[in-house]
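sharing a model that was predicted from the sequence below.
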Amino acid sequence: MTLIVDVASFVLILAGSFFIVAGGLGLMRMPDVFTRMHAASVIETLGAGLLFIGFMLQAGFTLISAKLLFLLALIFFTGPVVTHALAQAALQAGIRPYLAEDRSDRPDGPPKGSSGPRRPGEEG
């Protein structure tokens, strides 16, 4: 039975680590604040959730598991709310989402009627 628990916790910790690394890469590679927030929410909701469940399997039915469960619930409920609040604040600050058709590096230039890329700090 302990072998099954060890394998399950290893798989969950490995999957959680994968999502955290993928989300970290997304934070570096995404073009604007809104897609970066999406990558960050993947890190905290899915990645941390899988890690915490794997840790709870390793800890067994103890007080440590109860503490990990409370931390998981805190992350699970506050993470999406904070991400939504940040996105609303960015919209109210005038930051517009980066649209693929706004790319000025296309051979024919930006689309007709477009003022070029819509990134924070640039004219547009």
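Noted; the coordinates are in hand.

what is the neighbour count of residue 53?
Counted by other Cβ atoms under 10 Å, the residues lying close to residue 53 total 20. Backbone N, C-alpha and C define where each C-beta goes, glycine included.

in what helix or strand does the residue nearest to it when sequence neighbours are not counted lie?
The shortest distance from residue 53 to any non-neighbouring residue, by Cβ to Cβ, 6 or more residues apart in numbering, is to residue 12 (5.3 Å). Using DSSP states H and E, residue 12 maps to helix 2-29.

any idea of the mean pLDDT in that helix?
For helix 2-29, mean pLDDT rounds to 92.

what packs against it?
Contacts defined by 3 or more Cβ pairs under 8 Å, 6 or more residues apart in numbering; DSSP states H and E place helix 2-29 against helix 33-42, helix 48-59.

may I have the phi/psi pair for residue 62?
Backbone torsions of residue 62, given as degrees, to the nearest 10, read phi -130, psi -180.

what's near enough to touch it?
With contact set as Cβ atoms under 8 Å, 6 or more residues apart in numbering, residue 62 has no partners.

relative to residue 55, how far out is it?
11 Å (Cβ to Cβ, to the nearest Å).

residue 26 now?
Separation of residue 26 from residue 55 (Cβ to Cβ): 24 Å.

give me the distance between residue 9 and residue 54.
Here residue 9 is placed at a distance of 4 Å from residue 54 (Cβ to Cβ).

out of the two, which sits in the more crowded spot?
Taking other Cβ under 10 Å, residue 9 and residue 54 do not tie; residue 54 has more neighbours (21 against 17).

distance check, that one against residue 3.
Residue 54 is 15 Å from residue 3, by Cβ to Cβ.
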